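Engineer: mind folding the following:
(one chain, ligands or ions: 1)
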Amino acid sequence: MQVTMIGAGYVGLVSGACFADFGHHVTCIDKDAGRIAALRRGHIPIFEPGLVDLVETNTRQGRLEFAMEPTGIGDADAVFIAVGTPSRRGDGHADLTYIYGVVREIAPLLSPTAIVVTKSTVPIGTGDEIERILREERPDAEMQVVSNPEFLREGAAIYDFKHPDRIVVGSDDARARAVVAEVYRPLYLNAAPILNVSRRTAELIKYAANAFLATKITFINEIADLCECVGADVQDVARGMGLDNRIGAKFLHAGPGFGGSCLPKDTTALIKTAHDYGAQLRIVETVAAVNDQRKRAMARKVVAALDGSIRGRTIAVLGLTFKPNTDDTRDSPSIPLITALNDLGAVVRSYDPAGMEQAKPHLPNVIYCDSAYAAAEGADAVVIATEWEQFRALDLERLRRIMARPVIVDLRNIYRADEMQRANFRYLAVGRPDVEHSPTPPAANRQKSKRPAAVE
Ligand SMILES: NC(=O)c1ccc[n+]([C@@H]2O[C@H](COP(=O)([O-])OP(=O)(O)OC[C@H]3O[C@@H](n4cnc5c(N)ncnc54)[C@H](O)[C@@H]3O)[C@@H](O)[C@H]2O)c1
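Structural biologist: I've put the predicted structure just below:
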């Protein structure tokens, strides 16, 4: 089949490359000249594991092409739209400028029977508006507009795209459903269920799913706060909850609050949609508010770890991306955290394996370092903000030697209390008991306790 993918970002590029890998002929179109030039040179402008090989193989085999202009789009069996739908500045509604811009641009070029598929996350009713624009521009055409929201996770995007839990297809038109089913046929053969629903239902499924995931994260974060008050361990609580199949273990990891390019903007946009329709989503409203406060509040944990003041102190923040295995720093919890640390007078040094260039415009007052150890040099505390694999097994002895004080604040709960105790760090995590640093090393303590009580 001939597939056109408009927007070659995280979703468009991964989806386009995977469709090409299924055997379709795919043209990825993007307005960003630099991005298209890079892709044509074989350079992948985003960090996503496995994507370099996937793009290279399919380009070499002639199934994947890149272009800036949607010329040739008239031959496509399906035209996917995967451009950004960021939060609109000022009111939090999804900004649909890019979506409608694309639709107006491609309308005159589409075949009269084109199937236009919205893969971007768009508010309920956007498909209706796209259809209206197409009818206005091409009154005689028989085009169909389908909603096909994407659920991939950055960092595991190729696996997710090729092993979806479900493929949601929103359309009441049999021909449109058949075309989209054919595009996804290899997955369908692997038994990924296709959920045929109405277009508005498909649009809402995506938002409802993201709002629910955000709720799960926020719920466990609040339970973590309670754990800190009552001396319980949130990881054990989460495990005890998650083993119940009705609840499930995923998205029950306490941390610094959800971030990224989707959950924050999508929860806000869903709330706005509900307001427009006079419906109330009080749970989602609370989730968004609680999460907003949480990210900056994480700075208080760092202040507590340094006995009440961080003015003039040096803090090493490890991790700037909102999750590991991506270079995406959009709405990353590290950004408000570091801003708060700067506001409180701390000097911040930081290292991230992939996200430093993206973070720089948002965080100008940071000393960027080329390794975790370089960031920790002379630091009064190390804060683990993203659970990159390489931060999971830091050489604690080495860290203690190079840091000014042995203090670790683990916002991702990736270390065990006993290893921190052995390494003699002051260790604060999220929703778990603190570990105190002992001024006398553990070995000396043991010696001391062997002395007769009377001598003591
Ligand atoms: N990133 C994710 O993990 C994820 C997951 C599921 C759904 N989504 C949704 O998918 C959509 C895309 O997200 P993304 O993260 O890939 O965005 P992105 O910002 O990485 O990519 C969007 C691309 O669209 C291009 N573009 C904008 N206007 C264009 C036009 N008129 N013609 C051609 N190209 C144009 C931009 O240059 C950019 O390269 C959003 O609606 C998002 O909510 C994202």
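Engineer: what does the stretch 201-350 of the chain have sitting close to the ligand?
Structural biologist: Applying Cβ under 6 Å from any ligand atom, we find that the stretch 201-350 of the chain lies next to the ligand at 261-262. From N, CA and C alone the C-beta is placed, and that goes for glycine too.
Engineer: residue in the stretch 201-350 of the chain nearest to the ligand?
Structural biologist: Here the stretch 201-350 of the chain gets closest to the ligand at one residue, Ser261, 4.6 Å apart by Cβ to the nearest ligand atom.
Engineer: what about that residue, neighbour count?
Structural biologist: 22 (other Cβ atoms under 10 Å).
Engineer: what helix or strand is it on?
Structural biologist: According to DSSP states H and E, Ser261 maps onto no helix or strand at all.
Engineer: is it true that it touches Arg330?
Structural biologist: Yes: with contact defined as Cβ atoms under 8 Å, Ser261 reaches Arg330; the gap is 4.1 Å.
Engineer: which ones are touching the residue of the stretch 201-350 of the chain closest to the ligand?
Structural biologist: Residues counted as contacts of Ser261 (Cβ atoms under 8 Å, 6 or more residues apart in numbering) are 10, 154, 322, 328, 330-331.
Engineer: most surrounded residue in those?
Structural biologist: Phe322 (28 neighbours).
Engineer: which neighbours do Ser261 and Arg330 have in common?
Structural biologist: Shared contacts of Ser261 and Arg330, counting by Cβ under 8 Å, 6+ apart, come down to Phe322.
Engineer: if we can go back for a sec, pLDDT value on the residue of the stretch 201-350 of the chain closest to the ligand, please?
Structural biologist: Per-residue pLDDT puts Ser261 at 92.
Engineer: export stretch 191-199 to CSV, keeping only CA atoms.
Structural biologist: Presented in CSV, the C-alpha positions along stretch 191-199 are these (Å, rounded to 0.1, in the frame of the first residue of the first chain):
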residue,chain,number,x,y,z
ALA,A,191,-3.7,-11.0,17.0
ALA,A,192,-3.6,-7.4,18.1
PRO,A,193,-7.3,-6.5,18.5
ILE,A,194,-8.7,-3.8,16.3
LEU,A,195,-11.3,-1.8,18.1
ASN,A,196,-13.8,-0.4,15.6
VAL,A,197,-15.6,2.5,17.3
SER,A,198,-17.1,5.8,16.3
ARG,A,199,-14.7,8.7,15.6
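Engineer: what comes up buried for it?
Structural biologist: Along stretch 191-199, these residues count as buried under the neighbour rule (16 or more other Cβ atoms under 10 Å): 194, 196-197, 199.
Engineer: is Leu341 in a helix, a strand, or coil?
Structural biologist: helix (DSSP: H, G, I helix; E, B strand; the rest coil).
Engineer: ok, it - contacts?
Structural biologist: 299, 302, 310, 315, 317, 348.
Engineer: that one and Ala316, how far apart?
Structural biologist: The gap separating Leu341 from Ala316 is 11 Å, by Cβ to Cβ, to the nearest Å.
Engineer: please apply the same query to Ala375.
Structural biologist: Distance of Ala375 to Ala316, computed by Cβ to Cβ: 4 Å.
Engineer: same drill for the two, tell me which one is more crowded.
Structural biologist: Neighbour count, other Cβ under 10 Å: between Ala375 and Ala316, Ala316 has more, with 28 against 25.
Engineer: my reading is that the more buried one is in a strand; is that accurate?
Structural biologist: Yes: counting by three-state DSSP, Ala316 is located in a strand.
Engineer: how many other residues sit next to Leu347?
Structural biologist: One thing to correct before we go on: residue 347 is Val, not Leu. 19.
Engineer: helices of the stretch 51-200 of the chain, start to end?
Structural biologist: Taking DSSP state H, counting those that start in this stretch as the criterion, the stretch 51-200 of the chain carries its helices at 51-60, 97-106, 126-137, 157-162, 174-183, 185-189, 199-230.
Engineer: so Ile271, which state does it fall into?
Structural biologist: Criterion first, three-state DSSP; result for Ile271: helix.
Engineer: wait, isn't it in contact with Ala279?
Structural biologist: No: checked against Cβ under 8 Å, the pair Ile271 and Ala279 is beyond contact range at 10.0 Å.
Engineer: these two: which is more packed in?
Structural biologist: Regarding Ile271 and Ala279, a neighbour count based on other Cβ under 10 Å identifies Ile271 as having more, with 23 against 9.
Engineer: in contact with that one, which residues?
Structural biologist: Counted by Cβ under 8 Å, 6+ apart, Ile271 has contacts 92, 281, 284-285, 288.
Engineer: try it again with 7 Å
Structural biologist: 281, 284-285, 288 (Cβ atoms under 7 Å, 6 or more residues apart in numbering).
Engineer: what do you get for Gln2?
Structural biologist: 25, 75-77.
Engineer: which of those residues ranks first by neighbour count?
Structural biologist: Most surrounded of the contacts of Gln2: other Cβ under 10 Å gives Ala76, at 24 neighbours.
Engineer: skipping its backbone neighbours, what lies nearest that one in space?
Structural biologist: Nearest residue to Ala76 in three dimensions, chain neighbours excluded: Thr4, at 4.2 Å (Cβ to Cβ, 6 or more residues apart in numbering).
Engineer: re the thing from before, report the buried members of the contacts of Leu341.
Structural biologist: Of these, these count as buried by 16+ other Cβ under 10 Å: 299, 302, 310, 315, 317, 348.
Engineer: and the fourth one, how far from Arg405?
Structural biologist: To Arg405, Ile315 is 11 Å away according to Cβ to Cβ.
Engineer: pull up the overlap in contacts between these two.
Structural biologist: Counting by Cβ under 7 Å, 6+ apart, the residues touching both Ile315 and Arg405 are 380-381.
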